[in-house]
Every structure is written in C-alpha cells, then in structure tokens.
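**Q** turn this into a model:
(chains A and B)
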Number of protein chains: 2
Amino acid sequence: MEKRTRVPEPTIARLATYFRCLADLADQEVNVVSSEEIAFRAGVKASQVRKDLSYFGEFGVQGLGYPVPGLLSRVASILQLDQQHRVALVGAGNLGTALAGFPGFARWNFHILWIFDSSPARVGQEINKVVVESMSVLPRKLPADLGILAVPGHAAEDVAKLLVASGVNALLNFTGAHLHLGPEVSVRNVDLTHELAILAYHAQRPPVGGEGE
Amino acid sequence: MEKRTRVPEPTIARLATYFRCLADLADQEVNVVSSEEIAFRAGVKASQVRKDLSYFGEFGVQGLGYPVPGLLSRVASILQLDQQHRVALVGAGNLGTALAGFPGFARWNFHILWIFDSSPARVGQEINKVVVESMSVLPRKLPADLGILAVPGHAAEDVAKLLVASGVNALLNFTGAHLHLGPEVSVRNVDLTHELAILAYHAQRPPVGGEGE
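**A** Numbers count the residues shown, from 1 in each chain, chains lettered A, B, ... in the order given. Presented below is the predicted three-dimensional model:
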C-alpha cells in the first residue's frame, strides 16, 4: 500500500499499459472491468494483471471485477500521473515543433514550460505560446521534471548530459541516439525512424488485383 | 547476398538501428566508420555489428572501417528504405494531424497518400495537401504499403482488421491498444502515453536548490 514502494521496472511498464487500457475504458464510460478484459486489451495473462494490481493493495471485488474510475485514479496515482510535470523540450526543429503539438502531453499533466534550441534563428520564436530560448540559458532555467530530446542524433548525448547536470533525471529521447548516462537517469527511447525502417522491410507491395471490389 | 533472404527479426531491428546511426554520420559528413563506433552509437557489441553486417556480404575494409555512404545505401536497400512506400493514415484528430506533419516520413520515402476518418466533420478537410476521406471508401482506395493507426484505442482493432482485409500488412500503431492480428501482419507499436506513464513514475522532483548558479 506504500505509495513509494520500490516497484520492479517490468511491473511499472505493465501498469503503464493498464493505465492506458483503463483510460480508454473510461473514455467509453465503462464502469466495471474484469482482469480478463484488461489482460486481453494489454496483451498479458489475467493472472499477471491480478498479481500486478495486488502489489498495491486490494482493488477488485471477487466475481464483479474492478471499478474503472477508482482503479484508473489509483494507477494514475501510483505512476504519479495525477501530478503536474514540468517539461523542458530541447530542439525546436520540425520534430520538436510537431512534438510540442502532441495532445497526449497536456492530457497526462505534462506541461512544456521551456523550449531550447542552439540555432540563433529559432531563439525568440514562439511555439504553442512558449518562447524558444538559447541553450546557453538552459542550466539557469532548469531543473525540470522531464526533458524531451528532439535534437539531431549527433548532439543528443551532449544535450542529455547538460540536462542531467541541470537536475533532469527523466528523459524522453526522440533522437534515435543511444545515450550513455548513469543509472540514476530514466530514459525512454522513441525512434520513429527505427520503427519505419523495420516496417519498410516487411512492407512488401501487395499483389496487384488485391483491391476491394 | 540475397536481397530477400529471410533475416531474423532481431537482426532487422539492429539493422534499423545501424541505419539510423549511419544516417546521422552521413549528416555529419563522416566518410569512414569503425564497427566499434557503430557499436557505441547503437548500444551493442562491435562483434555483433560485424556479425550482423556480414550476413549481407562483405562491407568493411580490414583496419580501415566501413565506408559510410556505401554502407548506408546498402542497409537502406536491405530494409527497402530506398523504395517509395505508400501510406494510409487512419484518424485525423489531433494525433493524426501531428503525425501527418512528422518530418521523418517523407525523408525515408514514406508518403501519406490517404487519410481516413469516421467523423463526417473531418471528411473533406485537407491536411498537408491530402483530403480526409470517409472510412466507408477505405476498402476501395487501398491497398497501401503501410497503415498508420491514430484512432482512439477502442476503435483500433476494428480499423486494423479493415486495413488488413484491404491488403495492408504493415501497421504503425499509435493507439496504445494491443492488436490481435495474424502472424502475416507486421505491427510496430508507438505509445507515447505509455512512455510518459513510465517516466512520470521516475520523474521525481529534483531537490530545491539544485539549480545552476
């Protein structure tokens, strides 16, 4: 029941998946859900769902299932998604600009308060009501709760180290670069180019004549 | 040397990583690279890099390293990133609109030719010069080489099955939903909410007074 119990990383990853399933159920105004239904949506076993959730106390009612709103808010609380997170975005190019408009950030209480870029041409521009600032002022402006890396791959490691030195211990890395940082830093890598490259290999052209009607 | 040799999935995933590292080196106008440097950037062992690349024939020159432009184009060719890929995007909400502007797609020859949405209010709108069409015409318009799912999670599986039935065998899934599809379909999942949920757990506030100067 301890909120800050040390939870194994794979459990956190699955909780994040359950959170997404529960948010989806809540959007559909579903009130009660079984562990089997969560398991089907999350792609894991029902026994795993029950085990993971029991880690944080008793949620479910035998034979009835879990109350969706209650479980959603409990999981959000465990993951600290019910708190406001101050985000620093580094890189105001095309990718950074697209990310600044990503609707999921604000929805889950991640607020981009700072945008930094090394290019003088971009400093002073406004993106989603945030004025782009020079990299040179970054250490003075931070810490932040989360750093988003949207710089070219070759600059990624230096920028990441600057963020860490400025007190940022959680990074969302869109650069595709593998970062070499200490164990105290949490990094999640999202590399769309990598995903595209894998899909391109599999995306063989369907045979001509395969079109509907 | 066979272009369509069946390559194990983990090798393809690593090749996609090498591809990203090589594209980054090419952007920096680096001409020659060692397997050690690729390995460092990719976060794997140098012996692994050499083994993966030897799968497709001899690239490197003993003691000199690999020619970056030649290796980049060879890896791009293996992954079929040198071919044009016709993409269908489903979901023209905030996420879909943000994705339509993602600069990586066109750079790697993925061209969004169709955008579909179930909402009559969105049909007829233009996003990046593509007119949003109704879901009802999707089976007539496709197949495509790649489908991008940017619909709400609860609609994901039905839309995915419609795409597969329309001849789309490679899906980039941004919905967060776990899809239950046959083994003939390649799916890559990108769930930013999931990444944020994991980082939120780790993003503890840095102590006050941790600010630079």
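
**Q** is the longest strand anywhere in chain A anywhere near chain B?
**A** When every strand of chain A is counted residue by residue (DSSP state E), the longest turns out to be strand A:110-117. Yes: contact of strand A:110-117 with chain B (C-beta under 8 Å from any C-beta of the partner chain) involves A:F110. Where you see a C-beta, it was placed from the backbone N, CA and C, and this is true even at glycine.

**Q** got the CA positions of the helix or strand of chain A with the lowest mean pLDDT in PDB?
**A** Lowest on mean pLDDT, DSSP states H and E among the helices and strands of chain A sits helix A:103-107, with a mean of 81. Backbone C-alpha positions of helix A:103-107 (Å, rounded to 0.1, in the frame of the first residue of the first chain) are rendered in PDB as follows:
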ATOM      1  CA  PRO A 103      -2.100  16.200 -27.500                       C
ATOM      2  CA  GLY A 104      -1.100  13.500 -25.000                       C
ATOM      3  CA  PHE A 105       1.300  15.600 -23.000                       C
ATOM      4  CA  ALA A 106      -1.200  18.100 -21.500                       C
ATOM      5  CA  ARG A 107      -3.800  15.400 -21.100                       C
END
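
**Q** for burial, what's the neighbour tally of A:S73?
**A** Neighbour count of A:S73, defined by other C-beta atoms under 10 Å in any protein chain shown: 15.

**Q** list the buried ones in the lengthiest helix in chain A?
**A** For chain A, the helix reaching the highest residue count under DSSP state H is reported as helix A:9-27. Within helix A:9-27, the residues scored as buried using 16 or more other C-beta atoms under 10 Å in any protein chain shown are A:11-12, A:14-26.

**Q** hmm, who's touching it?
**A** Applying C-beta atoms under 8 Å, 6 or more residues apart in numbering or on different chains, the contact partners of helix A:9-27 are A:7, A:33, A:38, A:41-44, A:48-49, A:52-53, A:55, A:68-69, A:71-72, A:75-76, A:78-79, A:81, B:152-154, B:176-178, B:191, B:193-195, B:197-198, B:201.

**Q** quick one: buried ones out of those?
**A** Buried by 16+ other C-beta under 10 Å: A:7, A:33, A:38, A:41-42, A:44, A:48-49, A:52-53, A:68, A:71-72, A:75-76, A:78-79, A:81, B:152-154, B:176-178, B:191, B:193-195, B:197-198, B:201, out of those.

**Q** that older thread, for the least confident helix or strand of chain A, packing partners?
**A** Counting contacts by 3 or more C-beta pairs under 8 Å, 6 or more residues apart in numbering or on different chains; DSSP states H and E, helix A:103-107 packs against strand A:110-117, helix B:94-100, helix B:192-202.

**Q** picking up where we left off before, pull the CA atoms of the longest strand of chain A into PDB?
**A** The C-alpha coordinates for strand A:110-117 follow below in PDB (Å, rounded to 0.1, in the frame of the first residue of the first chain):
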ATOM      1  CA  PHE A 110       3.000  17.100 -18.800                       C
ATOM      2  CA  HIS A 111       3.400  20.800 -19.500                       C
ATOM      3  CA  ILE A 112       6.100  22.000 -21.800                       C
ATOM      4  CA  LEU A 113       7.300  25.100 -20.000                       C
ATOM      5  CA  TRP A 114      10.600  25.600 -21.700                       C
ATOM      6  CA  ILE A 115      11.800  25.100 -25.300                       C
ATOM      7  CA  PHE A 116      15.600  25.400 -26.000                       C
ATOM      8  CA  ASP A 117      17.400  25.400 -29.300                       C
END
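
**Q** next structured bit after it?
**A** Following strand A:110-117 in sequence order, the next helix or strand is strand A:126-127 (DSSP states H and E).

**Q** centre of the chain to the next helix or strand along the chain from that next one, how far?
**A** As assigned by DSSP H and E, the chain's next helix or strand after strand A:126-127 is strand A:130-134. Offset of strand A:130-134 from its chain centre (C-alpha atoms, centre = their mean, to the nearest Å): 23 Å.

**Q** cool, and stretch A:153-167?
**A** Centre to centre, stretch against its chain (C-alpha atoms, centre = their mean), the figure for stretch A:153-167 is 19 Å.

**Q** need the contact partners of it.
**A** Residues from elsewhere that reach stretch A:153-167 (C-beta under 8 Å, 6+ apart): A:88, A:90-91, A:118, A:135, A:138-139, A:142-144, A:147, A:149, A:151, A:171, A:173, A:175-177, A:179-182, A:185, A:187, B:20-21, B:24-25, B:27-28, B:41, B:206, B:210-212.

**Q** filter the residues you listed down to the buried ones.
**A** For the contacts of stretch A:153-167, buried by 16+ other C-beta under 10 Å: A:88, A:90-91, A:118, A:135, A:138-139, A:142-144, A:147, A:149, A:151, A:171, A:173, A:175-177, A:179, A:181, A:185, A:187, B:20-21, B:24-25, B:41, B:206.

**Q** of those, which belong to helices?
**A** Short answer: the buried ones among the contacts of stretch A:153-167 in helices (DSSP H) are A:138-139, B:20-21, B:24-25, B:41.

**Q** which one among those residues gets closest to B:W108?
**A** Set against B:W108, the nearest of these by C-beta to C-beta is B:R20 (10.0 Å).
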